[in-house]
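Student: From the sequence below, what's the structure:
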Amino acid sequence: MTVETKLPYDKEYINQFSGDRNEPEWMNSLRLQALEQADTLEMPKPDKTKIGKWNFSNFKHSAQGDKLSSLENLPEEIKDFIEKGNENLIIQRNHSVAYASLSAELKEKGVIFTDIFTALNEHEDVVKRYYMKDAVSIDEHRLTALHAALMNGGIFVYVPKNVELDVPIQTIFWQEDPEVALFNHVLVVADDNSSLTYVENYISNNHEQETVANIVTEVIAHNNARISFGAVDNFAEGTTTYINRRGVAYRDAKIDWALGQMNDGNTVSENITHLVGDNSESNAKTVTVGRGKQTQNFTAKIVHFGKESEGYILQHGVMKDKATAIFNGIGKIEHGASKSNAEQESRVLMLSDKSRGDANPILLIDEDDVTAGHAASVGRVDPIQLYYLMSRGITQQEAERLIIHGFLAPVVNQLPIESVKKQLTQVIERKVY
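Tutor: Next comes the predicted model:
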């Protein structure tokens, strides 16, 4: 069966949508080109995961959200994700900016932190320089083309040369309308010798209504720049999610990923980093808990082009009920990337007889003078361990909860962003029960 992606959105709709937002001509042309390409490109083919019956076409493309007069008006579940005293925060409610704040100090340093549509109007040249060029291409497959054509929200972050941020920047994407789709584009750029920590949260409550999240993130670290990127994804079971987070690190640059993939719906997630410059580095850490009948596919890949580049992948997943997941950890060292190091570890714990998880470590080495290694394990919960806990008067549910936290702790405790660690622990608690 082929995937049905015929959409009720044509060139006339795209022109109207782009015109209403006063987008520059090049963005309008990019959208129309992508829409045309989407009709001919194939769907992505995630390893060992059949997406033929997944929903990629049933959604509402545009919905506005009311502004917030105060953060106190937020639901408690969203308040939990906000660091107290954080002056650098944007909340996107459906497709509208409901709240935006950037400290005077960061403004004075030339930091740009704004929604993608404002960036297109006020910082057009910088956005045009990076948008779907260095990291993600429009024509990779049908979903990237549809993303480019239908992009309806997102964030732009730019940190100038020699500016180091010691406070995090945070975005909350709140899918309040249960039918609205998020085609978010997140673009984070750190210029030479700069550093920042960026944290984002995706939240929805569409437990029955079907919709789509098609998200592309591009993270660019220029020479000697440092970027810590943290995320907690928490889409409800009604949302089919495709998320592509891509990084490019130049000479002496470093990109750290701390990802909590806690969606309840079917999900394909790609987290790929290109270590272009010599002595560049990336650490990609991911945790997930699958439950219900959901199917997920996670690919973490680090490609080494620069000499003496370092790549580390760490994935831990827990599967409950009838959930299934594929974990691909790929380290690729290109010819010429001598003295590079590619390390990866993927571990999956299954809590029921009907859950399933596969861990696939892959090393692709085209250079001799390198170091590389991998570890992978897939197993079910130890019945003796479970029995021991229950013999101490602990219920089976509480025993499973303790085992899950213990299994995920080696990854959660290594996450470099404290706020993500705290948020992730909260979401794990909700999913365990």
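Student: can you map out the strands along the stretch 151-300 of the chain?
Tutor: Residue ranges of the strands in the stretch 151-300 of the chain, as given by DSSP state E, counting those that start in this stretch, are 153-159, 169-175, 184-190, 195-204, 211-221, 226-234, 239-249, 254-261, 267-275, 281-290, 295-304.
Student: I'd like the ones you listed laid out as TSV, including mean neighbour count and distance to residue 423.
Tutor: The way it works is simple: take the backbone N, C-alpha and C, and place the C-beta from them, glycine included. As requested, the strands of the stretch 151-300 of the chain are arranged in TSV below (neighbours: other CB atoms under 10 Å; distance: least, CB to CB, whole Å):
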stretch	mean neighbour count	distance to residue 423
strand 153-159	24	17
strand 169-175	24	10
strand 184-190	24	17
strand 195-204	24	7
strand 211-221	25	18
strand 226-234	25	5
strand 239-249	25	17
strand 254-261	25	7
strand 267-275	25	18
strand 281-290	26	12
strand 295-304	24	19
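Student: Now for the residue most central in space within the chain: which residues touch it?
Tutor: Nearest to the geometric centre of the chain sits residue 245, at 5.1 Å (CA atoms, centre = their mean). Residues in contact with residue 245 (CB atoms under 8 Å, 6 or more residues apart in numbering) are 217, 219, 229, 231, 257, 259, 269-272.
Student: now do 7 Å
Tutor: Each residue near residue 245 by CB atoms under 7 Å, 6 or more residues apart in numbering is listed here: 217, 270-271.
Student: picking that back up, any chance of the strands of the stretch 151-300 of the chain in JSON lines, plus mean pLDDT and distance to residue 311?
Tutor: Below are the strands of the stretch 151-300 of the chain laid out as JSON lines (pLDDT from 0 to 100; distance: least, CB to CB, whole Å):
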{"stretch": "strand 153-159", "mean pLDDT": "98", "distance to residue 311": "23"}
{"stretch": "strand 169-175", "mean pLDDT": "95", "distance to residue 311": "25"}
{"stretch": "strand 184-190", "mean pLDDT": "98", "distance to residue 311": "19"}
{"stretch": "strand 195-204", "mean pLDDT": "95", "distance to residue 311": "19"}
{"stretch": "strand 211-221", "mean pLDDT": "97", "distance to residue 311": "14"}
{"stretch": "strand 226-234", "mean pLDDT": "95", "distance to residue 311": "15"}
{"stretch": "strand 239-249", "mean pLDDT": "98", "distance to residue 311": "10"}
{"stretch": "strand 254-261", "mean pLDDT": "95", "distance to residue 311": "10"}
{"stretch": "strand 267-275", "mean pLDDT": "98", "distance to residue 311": "6"}
{"stretch": "strand 281-290", "mean pLDDT": "95", "distance to residue 311": "5"}
{"stretch": "strand 295-304", "mean pLDDT": "97", "distance to residue 311": "3"}
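Student: So which residues of the protein form helices?
Tutor: In the chain, the segments counted as helices under DSSP state H are 11-20, 25-38, 76-79, 104-108, 116-122, 124-130, 142-150, 383-391, 396-412, 418-432.
Student: most packed of these?
Tutor: helix 142-150 (a mean of 24; mean count of other CB atoms under 10 Å).
Student: tell me the angle it makes with strand 211-221.
Tutor: 90 degrees (axes from the mean of the first three to the mean of the last three CA atoms, to 10 degrees).
Student: hmm, who's touching helix 142-150?
Tutor: 5, 9, 14, 30-31, 34-35, 37-38, 41-44, 61, 132, 136-139, 183, 214, 216, 242, 244.
Student: now do stretch 286-299
Tutor: So stretch 286-299 is contacted by 46-47, 49, 237, 259-262, 264-271, 300, 315-328, 330, 404, 408, 411-412, 424, 428, 431 (CB under 7 Å, 6+ apart).
Student: What is the neighbour count of residue 339?
Tutor: 14 (other CB atoms under 10 Å).
Student: same question, residue 378
Tutor: 17.
Student: Now it. Nearest residue, chain neighbours left out?
Tutor: Spatial nearest neighbour of residue 378, excluding adjacent residues (CB to CB, 6 or more residues apart in numbering): residue 348 at 4.6 Å.
Student: Please report how far the residue lying closest to residue 328 once chain neighbours are set aside lies from residue 414.
Tutor: Using CB to CB, 6+ apart and skipping the chain neighbours, the partner closest in space to residue 328 is residue 299 (4.3 Å). As judged by CB to CB, to the nearest Å, residue 299 and residue 414 stand 20 Å apart.
Student: Bridged to residue 377, which residues?
Tutor: Beta-bridge partners of residue 377, counted by DSSP bridges, are residue 347.
Student: For it, the count of nearby residues, please.
Tutor: 10.
Student: wait, it sits on residue 349?
Tutor: No: counting by CB atoms under 7 Å, residue 377 stays clear of residue 349, with 8.8 Å between them.
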